[in-house]
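K.L.:
when you get a sec, could you give me coordinates for this:
(2 chains, ligands or ions: 3)
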Amino acid sequence: MKFIRPNDMEGLFQNMEENNDRRYFLAGGTDINVQIKNGVIKNAEIIYIKHLKELNGIQIVKDDIVIGAVTNITEILNSKIIKENLPFFQRSLESFASPLLQTSATIGGNIANGSPTADVVPLLLVLDAKLEIVSKTQTRIIELNNFFTGYKTNIMKTNELIRSIIIPRKAENGFDTYFEKVGSRKSLMISKVTLAGLKNISHSKFTTVKLAVGSLNEYPRRLYKIEEYLTDKSLIEINFLKVEELLNEEITPITDLRSDKEYRYHVCVNLIRTFLNE
Amino acid sequence: MKIKFILNENEVSIDVDPMKRLLDILREDFGLTGTKEGCGEGECGACTVLLDGKPVTSCLVNAVHIDGKEVMTSEGIAQEPLGKLLIDCFDETNAVQCGFCFPGFLVTSYHYLITDGEKNPDKIKKALSGNICRCTGYQKIFESVMLACERKPLISTDQVN
Ligand SMILES: Cc1cc2nc3c(=O)[nH]c(=O)nc-3n(C[C@H](O)[C@H](O)[C@H](O)COP(=O)(O)OP(=O)(O)OC[C@H]3O[C@@H](n4cnc5c(N)ncnc54)[C@H](O)[C@@H]3O)c2cc1C
Ligand code: FES
Ligand code: FES
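P.N.:
Ligands and ions are numbered 1, 2, ... in the order given. All right, here's what the predicted structure looks like:
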């Protein structure tokens, strides 16, 4: 195992010039240490990033809230900026793991690790979050919904990392919000479904609906087809069998899951129904 | 890698593999065996310590994370007035059976006591939600912490940060 602790961003990029698909970043370490223990990560090159100031902190930049990738969940829960601008996001993170994990776990690590069950991702998806991805020579801003490419894979090259998460300051304004996790972490491989939602209603029709789901397939994602179907409909015009059909079209299920695909889809549709009824 | 940190109020330094787990550093390099390894995966809380005053699972923290920081273990907390109070309350309530989980609960309850300390069952449950006990069914543990909250005002807190 090779270990690097760069002093600053320059040192970081110097160490990242060559591509290396055994490269991992050590932020909070709550995922990496489990993976090392279980032998999933071996002979790795590990670059420590938790101490880099350029990757840390929560700021308002014009119309956006910018959260540094190594900012931990406790910091987000205690942030005044988040409380004032994104209270739903903040509230929803209270159920993240346990208080013991919240101090270590970082937001960037949660996204980059790319678990289908990553809690933060469905929330960030309905908030239209973007990622700032940096390498020595380039910065690119991409929509979170375009970040994942498969089970624990994403569009980042090995000489890139996430610098920050960008959320529009008014992302929650005027919306009814919803966040629900079904199933406990212990049983997460068989029963967990996560749904995040935003909606607003005018003259009893849904004018905007944003939905994102976790744990249903290889990575969390927005449900654009369902959103489109629901828009401009009132509750009685919605056919939930149609919603389930669209869910099937939109999502390829996790392949290593045994028999409970149907069950998860039902749970997901029920969550959508509950959210719309609220 | 050489790291320096404050361990139970003493400055210490050690030359160590930067990825070595804090749990192993405490047990192997400093002989502080109060910190226990249960699951080794962040699920059980038996390895909880305070890092810069916040509870963390030391099985998921690496040497590099603690350089320049302050670590407080159950042994350190047991020397503090509020730590002693907690131990007495756990004792009085008979909340400890095999005792394996106790150091972790001590650290987490101590953190709750110094940062909040309200005698509020919901808050206490939430604060302790990362610690698992296989023996007791938790009720007595919650009662102990409730009792400590009640008695906290009677304790001289000069040394409490
Ligand atoms: C007991 C337990 C309970 C948990 N409960 C939950 C839960 O309820 N909800 C949930 O969503 N997650 C949960 N997790 C998962 C985990 O805590 C999160 O995914 C955490 O946010 C990861 O962040 P980290 O800083 O610890 O990542 P690390 O372990 O440091 O890194 C994880 C991965 O991300 C990469 N990485 C880290 N930072 C960057 C960056 N800036 N740019 C590019 N790549 C990067 C690393 O290369 C590595 O592959 C749980 C984990 C445990 C052990
Ligand atoms: S041993 Fe660290 S949480 Fe279980
Ligand atoms: S007393 Fe045995 S695990 Fe808690």
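
K.L.:
what residues does chain B put near ligand 2?
P.N.:
Taking CB under 6 Å from any ligand atom as the criterion, the neighbours of ligand 2 within chain B are B:37-40, B:42-47, B:57, B:59. Placement of C-beta: from N, CA and C, glycine included.

K.L.:
helices along chain B, start to end?
P.N.:
Remark: helices of chain B, listed N- to C-terminal, are B:22-24, B:63-66, B:74-77, B:81-92, B:102-115, B:121-127, B:139-151; assignment by DSSP state H.

K.L.:
next one, pLDDT for the residue positioned nearest the centre of chain B please.
P.N.:
In chain B, the C-alpha closest to the average C-alpha coordinate belongs to B:V107, at a distance of 1.9 Å (CA atoms, centre = their mean). B:V107 is assigned 98 on the pLDDT scale.

K.L.:
enumerate the positions of stretch A:155-162 that are buried.
P.N.:
Buried residues in stretch A:155-162, counted by 16 or more other CB atoms under 10 Å in any protein chain shown: A:156, A:159-162.

K.L.:
now do the end-to-end distance for that stretch.
P.N.:
The first and final residues of stretch A:155-162 sit 11 Å from each other (CA to CA, to the nearest Å).

K.L.:
repeat that for stretch B:129-141.
P.N.:
Termini of stretch B:129-141 sit 12 Å apart (CA to CA).

K.L.:
now that stretch: buried residues?
P.N.:
Using 16+ other CB under 10 Å as the test for burial, stretch B:129-141 gives B:130-133, B:136, B:140-141.

K.L.:
pLDDT and distance to ligand 1 added to the residues you listed, as CSV?
P.N.:
Listed next are these as CSV, based on pLDDT from 0 to 100; distance: CB to the nearest ligand atom, whole Å:
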residue, pLDDT, distance to ligand 1
B:G130, 94, 8
B:N131, 95, 12
B:I132, 94, 11
B:C133, 95, 16
B:T136, 88, 21
B:K140, 95, 24
B:I141, 97, 20
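
K.L.:
and which of those is nearest chain A?
P.N.:
B:G130 (3.0 Å; CB to the nearest CB).

K.L.:
by neighbour count, which of the residues of chain B next to ligand 2 wins?
P.N.:
For those, the largest number of neighbours (other CB atoms under 10 Å in any protein chain shown) sits with B:T57, at 33 neighbours.

K.L.:
against A:L100, how distant is that one?
P.N.:
Taken as CB to CB, to the nearest Å, the spacing of B:T57 relative to A:L100 amounts to 5 Å.

K.L.:
for residue 157, give me the pLDDT.
P.N.:
Looking at chain A here, since you left the chain open. 94.

K.L.:
you looked at the wrong chain, it should be chain B
P.N.:
In the prediction, the pLDDT value recorded for B:T157 is 61.

K.L.:
swap in A:C268?
P.N.:
We note a pLDDT of 92 for A:C268 in this prediction.

K.L.:
so what touches the host helix or strand of it?
P.N.:
Under the criterion of DSSP states H and E, A:C268 resides in helix A:261-277. Contacts of helix A:261-277 with the rest of the structure, by CB atoms under 8 Å, 6 or more residues apart in numbering or on different chains, involve A:178, A:180, A:182, A:191, A:193, A:195, A:197, A:199, A:206, A:209, A:211, A:213, A:215-216, A:226, A:230, A:235, A:238, A:240, A:243-244, A:247-248, A:253, A:257.

K.L.:
can you rerun that using 7 Å?
P.N.:
The list of residues contacting helix A:261-277 from outside it, by CB atoms under 7 Å, 6 or more residues apart in numbering or on different chains, reads A:178, A:180, A:182, A:193, A:195, A:197, A:199, A:211, A:213, A:216, A:235, A:238, A:240, A:243-244, A:247-248, A:253.

K.L.:
give me the subset of the residues you listed lying in helices.
P.N.:
A:240, A:243-244, A:247-248.

K.L.:
up against ligand 1, what does chain A have?
P.N.:
Those residues of chain A that sit near ligand 1, judged by CB under 6 Å from any ligand atom, are A:24-32, A:34, A:69, A:96-97, A:101, A:104-106, A:108-110, A:112-113, A:118-120, A:161-162, A:185.

K.L.:
and the buried residues of stretch B:129-141, which two are the farthest apart?
P.N.:
B:G130 and B:K140 (18.3 Å; CB to CB).

K.L.:
picking that back up, now for B:T57 and A:L100: what residues contact both?
P.N.:
Residues touching both B:T57 and A:L100 (CB under 7 Å, 6+ apart) are B:45, B:48.

K.L.:
show me what contacts the closest residue to B:A127 other than its chain neighbours?
P.N.:
For B:A127, the nearest residue in space outside its immediate sequence neighbours is B:Y112; the separation is 4.2 Å by CB to CB, 6 or more residues apart in numbering or on different chains. Contacts of B:Y112 were listed using CB under 7 Å, 6+ apart, and they are B:124, B:127, B:145.

K.L.:
re earlier: out of the buried residues of stretch A:155-162, what pair is the most spread apart?
P.N.:
Using CB to CB, those span at most 13.0 Å, a distance reached by A:N159 and A:I162.

K.L.:
how near is A:P122 to B:D122?
P.N.:
Here A:P122 is placed at a distance of 26 Å from B:D122 (CB to CB).

K.L.:
A:G68 pairs with what?
P.N.:
A:S164 (DSSP bridges).

K.L.:
my guess is it meets A:K53, correct?
P.N.:
No. Between A:G68 and A:K53 there is no contact under CB atoms under 7 Å: 8.4 Å.
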